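> mind looking at a prediction? Sequence and model below.
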Amino acid sequence: GGTLLIGVSDDKEILGIEDEIEKFYKDNDKFLLHLKNLIKRSIGEEFYTLLDTDLIKVDSKLLAVVDVMPSDSEVYLDGKEFFARSNPSTDKLEGRKLVEYIKKRFY
């Protein structure tokens, strides 16, 4: 669970996504549809219901906000890779670390 902000740099500068939407998608709805399809394909359709995606204006810049509810089971990227967030980083877990994390978190 957590919140993903698209259009904000790692050092918290608000950049916005207007230029990318105009260049690649032409309008907000097409961008949101592309984002939805990308997420569904990457994590699986059964987990998409845990997400709420919206566009908001902050300091006159457009941001995409993806609010994610916690899952009761593990979620793999493309069905094979598993990542765990440990502030301030995201780590790919494999082997023993993956098994230990899943046992602690989900069972």
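That came through fine.
> so what does the one helix or strand residue 3 maps to touch, helix or strand wise?
Using DSSP states H and E, residue 3 maps to strand 2-6. The helices and strands touching strand 2-6, judged by 3 or more CB pairs under 8 Å, 6 or more residues apart in numbering; DSSP states H and E, are strand 61-68. C-beta coordinates here come from the backbone N, C-alpha and C atoms, glycine included.
> go through the strand holding residue 3 and flag the buried ones.
Residues of strand 2-6 classed as buried: residue 6 (neighbour count, 16 or more other CB atoms under 10 Å).
> angle of it against strand 61-68?
Here the directions of strand 2-6 and strand 61-68 differ by 150 degrees (axes from the mean of the first three to the mean of the last three CA atoms, to 10 degrees).
> what's the helix or strand following strand 2-6 packed up against?
Next helix or strand after strand 2-6 toward the C-terminus (DSSP H and E): helix 18-20. Judged by 3+ CB pairs under 8 Å, 6+ apart, helix 18-20 has no packing partners among the helices and strands.
> residues making contact with helix 18-20?
Around helix 18-20, the neighbours that count as contacts under CB atoms under 8 Å, 6 or more residues apart in numbering are 31, 61-62.
> change it to 6 Å
Contacts to helix 18-20, defined as CB atoms under 6 Å, 6 or more residues apart in numbering, come from residues residue 62.
> sorry, back to before: can you list the strands that the strand holding residue 3 pairs with?
strand 61-68 (antiparallel) (DSSP bridges).
> list the buried residues for the partner strand?
Neighbour-count burial for strand 61-68, counted by 16+ other CB under 10 Å, picks out 62-65, 68.
> please save the CA atoms from the strand holding residue 3 in CSV.
Taking Å, rounded to 0.1, in the frame of the first residue of the first chain, the C-alpha atoms of strand 2-6 are listed here in CSV:
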residue,chain,number,x,y,z
GLY,A,2,0.9,3.6,-0.4
THR,A,3,0.8,6.5,-2.9
LEU,A,4,2.7,6.9,-6.1
LEU,A,5,3.1,10.4,-7.5
ILE,A,6,3.9,10.6,-11.2
